[in-house]
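**Student:** could you look at this predicted model? Sequence included:
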Amino acid sequence: MALVEVQVPDIGDFDEVTVIELMVKVGDTVKAEQSLITVESDKASMEIPSSTAGVVKEMRVALGDKVKQGSIVLVVEAQSVEGLASSVERVPTAAIPQSPTPAPNPQPSTPNPVSSTLEVHVPDIGDFKDVAVIEVMVKPGDTIKVEQSLITVESDKASMEIPSSHAGVLTELKVKVGDTVNIGDLLAILSVQGSALSVERGVMPAAVPAVPVPATSTTPAMPASAAQAVSALNTERPTLNAPLGLPHASPSVRKFARELGVPLDEVKGSGLKGRITPDDLQAFTKAVMAGAVQTKAQAAKAPAASGGDGAALGLIPWPKVDFAKFGPIERKEMGRIKKISGANLLRNAVLIPAVTNHDDADITDLEAFRVSTNKENEKSGVKVTMLAFLIKACVAALKKYPEFNSSLDGESLVYKNYWHIGFAADTPNGLMVPVIRDCDKKGVLQISQEMGELAKKARDGKLGPAEMTGATFTISSLGGIGGKYFTPIINAPEVAILGVCKSTMEPVWDGKQFVPRLMLPLSLTWDHRVIDGAAAARFNAFLGQILSDFRRVLL
């Protein structure tokens, strides 16, 4: 075994490009031609491949480092003598320019400036064939400057912007997003004042000398002409009507996104300078599959919480009103969480035949027990809330009436032998529903502790998809805010939800006299396809009995 230093090959006329992605780590086994890092200039990004196969023993670069031709990327332990010899062959030697193709004879200029047209062709972009157009940066009618970027093309390993060889007004664009282009392909037609020779840079040669590519590298060296073109850092891109740039991601990540069907412009990157990584794609995909995130395409198909036209339901169109004509207005974009939850709530409200039972529970003794428990456990730092007792009481009721802990699956009813309780948490970004798992196996103190931790994560925006899925029953508590009763919307695929309002001291007749008792309003909403009115009434009555005498939980 031999240690081999893998260097940055000849990447054209690029100097001090930034490392924006590390694709391997110490201990990884790499193959020859496997991409190791991604580097980026102001105009292009490309992946640097390994010149040999082996095991990575040492990384010599980090994110944000500047590298150039000859910089050592990493050290690998070559797999064999042949591998070492192969790696030596791959190290680029002096670049020998190819003979340039002579430029065509220029047309004689006319003595007086006249309007004429010029064809802009794809310049020599090295050993690239059938590269895809992934972005169009201009449109007919735009005034184009010399070396202004017109399109972005991408191969499996690199992306680059193709500049204009002339200045003028774009009269016709010959390519669109998704097309594939090669050197010499007609890109655009410009209208210019004066003859072709009066343009700032003159006619571009039909073929320009290219810096040779290392014989076995899958990342072609950037030719001198393309390098000069894509590194024209002082040229200005038009600011009016210019489309937004591509998502900040390497070519391999964009290819991975296309394979997964992930809309890159909706993914938030966690890499350097917000760059999108493969882990970001996988996390986004899992979140969509779990229902925690909705893509714009999904949101467009679902009726919006307040702006859907209801056409899919056969309803009349949503009214369109110019609110500003009645007085001052302010328009604010809805938050992402509200958009997602709004679509789900509308679906649940429309598709579930929901009925709500209202009742009151006497929690006088339970509240006294809760207060004394908090005094006894003051040093522990865990504060017991009434919601923790409600969760334990609901588990007991769910065990007695298991249809409330079920879900519809087609024409079948799935009874769950686990009791995961979701609770609605009010956050600055909107309503979120963390889930406490296996509540039947936990005491009130443990439930209170977990509930506090999950509520804090929800407020901080740090809840993961796994912490908001799998609930079998949900409690929506307005706590001490106020109100008497309300109708909560069932959180599908659950079949029931309990709404709880602020408890109040009320006079209650005990058969002889009115006595003050602390009463808790309960609002139980249930799916009438699964539950009938008698079962709902029994569930609420049983829940009230437990809350009035919590010893029943032990029965």
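**Tutor:** Looks like it arrived, so ask away. Note that the coordinates shown come from a computational prediction; the quantities given were computed from them, not determined experimentally. Residues are numbered from 1 along each chain as shown.
**Student:** and the helix or strand that V6 is a member of, what's buried?
**Tutor:** Per DSSP states H and E: V6 is located in strand 2-7. By neighbour count with 16 or more other C-beta atoms under 10 Å, strand 2-7 contains the buried residues V4, V6, Q7. Every residue, glycine included, has its C-beta placed from N, CA and C.
**Student:** any idea how far G271 is from T277?
**Tutor:** 5 Å (C-beta to C-beta, to the nearest Å).
**Student:** joint contacts of the two?
**Tutor:** By the contact definition C-beta atoms under 8 Å, 6 or more residues apart in numbering, T277 and G271 are jointly contacted by E21.
**Student:** after the lowest-mean-pLDDT helix or strand in the chain, next one along is what?
**Tutor:** Within the chain, no helix or strand scores below helix 224-230, which has a mean of 40 by mean pLDDT, DSSP states H and E. Sequence order places helix 251-260 as the next helix or strand after helix 224-230, per DSSP H and E.
**Student:** which residues touch that next one?
**Tutor:** So helix 251-260 is contacted by 23, 35, 38, 45-47, 134, 154-159, 246-247, 249, 263-264, 267, 276-278, 281, 285 (C-beta under 8 Å, 6+ apart).
**Student:** after the strand holding V6 comes which helix or strand?
**Tutor:** strand 17-22.
**Student:** run me through the strand neighbours of that following strand, direction for each.
**Tutor:** strand 35-40 (antiparallel), strand 66-67 (antiparallel) (DSSP bridges).
**Student:** by mean pLDDT, show me the worst of those.
**Tutor:** Note on the strands paired with strand 17-22: lowest mean pLDDT is at strand 35-40, with a mean of 85.
**Student:** beyond it, next helix or strand please.
**Tutor:** strand 44-49.
**Student:** make a ChimeraX selection of whichever of the contacts of helix 251-260 turn out to be buried.
**Tutor:** The ChimeraX command for the buried members of these (criterion: 16+ other C-beta under 10 Å) is given here:
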select :23,35,38,45,46,47,134,154,155,157,158,159,247,249,264,267,276,277,278,281,285
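**Student:** tell me which residues of the longest strand belonging to the chain are tucked away?
**Tutor:** The residue-count maximum for a strand in the chain (DSSP state E) belongs to strand 514-527. Neighbour-count burial for strand 514-527, counted by 16+ other C-beta under 10 Å, picks out R517, L518, M519, L520, P521, L522, S523, L524, T525, W526, D527.
**Student:** highest mean neighbour count out of the strands paired with strand 17-22?
**Tutor:** strand 35-40 (a mean of 24; mean count of other C-beta atoms under 10 Å).
**Student:** contacts for it, please.
**Tutor:** For strand 35-40, the surrounding residues in contact (C-beta under 8 Å, 6+ apart) are 6, 8, 11, 14, 17-24, 30, 45-50, 61, 67, 73-74, 157, 219, 250, 252.
**Student:** mind listing the strands the strand holding V6 pairs with, and their directions?
**Tutor:** Looking at strand 2-7 with DSSP bridges, its partner strands are strand 72-78 (antiparallel).
**Student:** I'd like the average pLDDT over the strand it pairs with.
**Tutor:** Mean predicted confidence for strand 72-78 is 89.
**Student:** distance between that strand and the chain's centre?
**Tutor:** The gap between where strand 72-78 is centred and where its chain is centred comes out at 34 Å by C-alpha atoms, centre = their mean, to the nearest Å.
**Student:** now do it against strand 44-49, angle only.
**Tutor:** Interaxial angle of strand 72-78 relative to strand 44-49 (axes from the mean of the first three to the mean of the last three C-alpha atoms, to 10 degrees): 20 degrees.
**Student:** state the pLDDT value of the most centrally placed residue in the chain.
**Tutor:** Centroid-nearest residue in the chain, with C-alpha atoms, centre = their mean: V267, separated by 2.9 Å. V267 carries a pLDDT value of 91.
**Student:** picking up where we left off before, of all the strands paired with strand 17-22, which lies closest to E378?
**Tutor:** Evaluated over those, closeness to E378 peaks at strand 35-40, with 54.9 Å, by C-beta to C-beta.
**Student:** next, the buried residues of stretch 489-504.
**Tutor:** 489-492, 494-501, 503.
**Student:** make JSON lines out of these and add pLDDT, distance to L390 and secondary structure.
**Tutor:** As requested, these are exported to JSON lines (pLDDT from 0 to 100; distance: C-beta to C-beta, whole Å; DSSP: H, G, I helix; E, B strand; the rest coil):
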{"residue": "I489", "pLDDT": "96", "distance to L390": "19", "secondary structure": "coil"}
{"residue": "I490", "pLDDT": "96", "distance to L390": "17", "secondary structure": "coil"}
{"residue": "N491", "pLDDT": "94", "distance to L390": "16", "secondary structure": "coil"}
{"residue": "A492", "pLDDT": "93", "distance to L390": "22", "secondary structure": "coil"}
{"residue": "E494", "pLDDT": "97", "distance to L390": "16", "secondary structure": "coil"}
{"residue": "V495", "pLDDT": "97", "distance to L390": "18", "secondary structure": "coil"}
{"residue": "A496", "pLDDT": "97", "distance to L390": "14", "secondary structure": "strand"}
{"residue": "I497", "pLDDT": "98", "distance to L390": "12", "secondary structure": "strand"}
{"residue": "L498", "pLDDT": "97", "distance to L390": "7", "secondary structure": "strand"}
{"residue": "G499", "pLDDT": "96", "distance to L390": "11", "secondary structure": "strand"}
{"residue": "V500", "pLDDT": "96", "distance to L390": "7", "secondary structure": "strand"}
{"residue": "C501", "pLDDT": "94", "distance to L390": "12", "secondary structure": "coil"}
{"residue": "S503", "pLDDT": "93", "distance to L390": "11", "secondary structure": "coil"}
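**Student:** okay, those residues in CSV with distance to W509 next?
**Tutor:** Listed next are the buried residues of stretch 489-504 as CSV, based on distance: C-beta to C-beta, whole Å:
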residue, distance to W509
I489, 34
I490, 34
N491, 37
A492, 40
E494, 36
V495, 35
A496, 30
I497, 31
L498, 26
G499, 26
V500, 24
C501, 22
S503, 19
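**Student:** okay, among these, which ones form the most distant pair?
**Tutor:** Among those, A492 and S503 lie farthest apart (C-beta to C-beta), at 29.1 Å.
**Student:** can you show me the strands along the stretch 401-550 of the chain?
**Tutor:** 406-409, 412-415, 421-423, 425-427, 430-432, 435-436, 473-477, 496-500, 504-509, 514-527 (DSSP state E, counting those that start in this stretch).
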